[in-house]
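# Need a 3D model of the following:
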Amino acid sequence: MSEEHASLRLIDDYARGDAGMAPDTVWALEAHLETCALCRSRLADSVVTEAPGIAALVDTVRASLGPQLDAAVPMPSRRYRPRWVSAWVTPAMAPWLAMIVAVVLIALLLDAGGAALFGAASPELLIAPVLPLCAVAASWSRALDPAYELTAATARAGLPLLLRRTTAVLAVALPLLLVEGWLTGAMTAAQWLLPSLAFTSTALALGSFIGVTRAAAALVAVWAAVVAAPAWGTGRVPLALQPHQLPLWALLLAIGTGTVIARRNTYSALRNHR
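The predicted model follows:
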């Protein structure tokens with residue numbers, strides 16, 4: 001398939017339902033057909049010649065449903081949602097993004113009134129590295145997305161869609177945390193921003209093996225048990241967030257990013273949509 005259009009041979013194979021076509025080729029072709037009217041027209045012509053049985057079935061269904069559809073009264077739209085919104089977020093993300101805002105506000109209140117209780121271990125600082133993971137997990141969760149089956153079956157349901165949803169989460173969480181740190185002075189971006197990005201990339205990387213939701217939940221649990229709980233107990237900034245640990249976080253970010261790129265094709269498999 002060229003950069004502009006699919007070849008006629010490839011379209012003919014697809015129209016016949018050739019079982020020998022590679023899965024990645026099928027997904028690439030279907031993604032191309034979504035945006036290319038010329039190739040869709042070629043496919044329609046190819047179906048007539050290469051798969052006459054399918055063409056006859058489509059004509060029968062069209063003849064049966066056409067009059068009913070013409071007589072149907074369209075339902076008015078209940079809400080206006082720009083098309084780009086659906087391409088970046090899922091309706092299930094809305095309450096989780098609201099949860100991020102609520103958690104940040106609670107951490108702000110705790111930090112303002114709990115200096116004696118938490119000491120130097122600011123609640124903001126301890127939740128900042130893993131906070132985006134909660135919404136990332138929700139944005140790719142089978143149980144929380146009512147349109148999961150439809151989404152998972154589309155040609156663009158792999159890594160590009162996962163990265164879009166992750167970007168939408170970070171676009172909400174990171175500015176909130178930056179503003180909160182600026183208002184309270186309890187944390188600097190250098191302390192939590194790189195760990196947060198490293199955790200996110202690690203969750204996506206592990207997600208190619210065990211599912212994104214499970215990976216994010218596991219990382220949050222490990223952080224809470226190994227870092228956050230001891231830090232609250234001692235009232236000290238955890239060693240993992242000390243400035244001299246930043247090169248290790250950068251290395252973790254690089255490894256996670258490299259793993260995501262190396263295993264980019266696995267995100268199209270339905271077993272990874274968890």
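# Tell me where the stretch 101-250 of the chain has strands.
Under the criterion DSSP state E, counting those that start in this stretch, the stretch 101-250 of the chain contains no strands.
# Let me know the distance separating Val130 from Ala224.
Note on Val130: its distance to Ala224, by C-beta to C-beta, to the nearest Å, is 8 Å. In this view, the C-beta of every residue, glycine as well, is placed from N, C-alpha and C.
# And the two? Which one has more around it.
Val130 (23 against 14; other C-beta atoms under 10 Å).
# Can you give me the distance of the more buried one to Val136?
For Val130, the distance to Val136 - C-beta to C-beta - is 10 Å.
# Just confirm Val212 contacts Val136, I think it does.
Yes - the pair Val212 / Val136 is scored as a contact, 6.8 Å apart, by C-beta atoms under 8 Å.
# Give me the common contacts of those two.
Counting by C-beta atoms under 8 Å, 6 or more residues apart in numbering, the contacts common to Val212 and Val136 are 203-204.
# and Ala229, how many residues sit next to it?
Counted with other C-beta under 10 Å, the neighbours of Ala229 add up to 12.
# Spell out the residue ranges of the helices in the stretch 51-200 of the chain.
52-71, 83-88, 93-113, 115-118, 123-127, 131-139, 148-152, 159-184, 189-210 (DSSP state H, counting those that start in this stretch).
# For the spatially most central residue of the chain, which non-adjacent residue is closest in space?
Nearest residue to the geometric centre of the chain (C-alpha atoms, centre = their mean): Leu162, 2.9 Å. In space, and not counting its chain neighbours, Leu162 is closest to Tyr267: 5.6 Å by C-beta to C-beta, 6 or more residues apart in numbering.
# Tell me which residues touch the one you found, please.
158-159, 162, 207-208.
# Please report how far Leu197 lies from Arg40.
Applying C-beta to C-beta to Leu197 and Arg40 gives a distance of 39 Å.
# the more surrounded of these two?
Taking Leu197 and Arg40 together and counting by other C-beta under 10 Å, Leu197 has the greater number of neighbours (20 against 13).
# Tally up the residues packed near the nearest residue to the more buried one once chain neighbours are set aside, please.
Leaving aside its chain neighbours, Leu197 sits nearest to Leu253 (5.5 Å; criterion: C-beta to C-beta, 6+ apart). For Leu253, the neighbour count with other C-beta under 10 Å is 19.
# my guess is Thr167 meets Trp88, correct?
Yes - assessed by C-beta under 8 Å, Thr167 is found in contact with Trp88 at 7.3 Å.
# more neighbours, these two?
Trp88 (15 against 11).
# Mind pulling up the pLDDT for the more buried one?
Among the per-residue scores, Trp88 shows a pLDDT of 70.
# who's in contact with Leu252?
Neighbours of Leu252 in contact, by C-beta under 8 Å, 6+ apart: 198, 201-202.
# Off-centre distance for the strand or helix carrying it?
Per DSSP states H and E, Leu252 falls inside helix 246-262. The chain centroid and the centroid of helix 246-262 are separated by 18 Å under C-alpha atoms, centre = their mean, to the nearest Å.
# can the contacts of Tyr267 go into a markdown table with extra columns for pLDDT and distance to Leu126?
What follows is the contacts of Tyr267, written out as a markdown table (pLDDT from 0 to 100; distance: C-beta to C-beta, whole Å):
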| residue | pLDDT | distance to Leu126 |
| --- | --- | --- |
| Gly158 | 73 | 33 |
| Leu159 | 77 | 30 |
| Leu162 | 78 | 27 |
| Gly207 | 87 | 24 |
| Ser208 | 86 | 28 |
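# I'd like these as TSV, with distance to Ala189 appended.
Listed next are the contacts of Tyr267 as TSV, based on distance: C-beta to C-beta, whole Å:
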residue	distance to Ala189
Gly158	31
Leu159	27
Leu162	25
Gly207	26
Ser208	29
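# Please consider this matter closed, and thank you.
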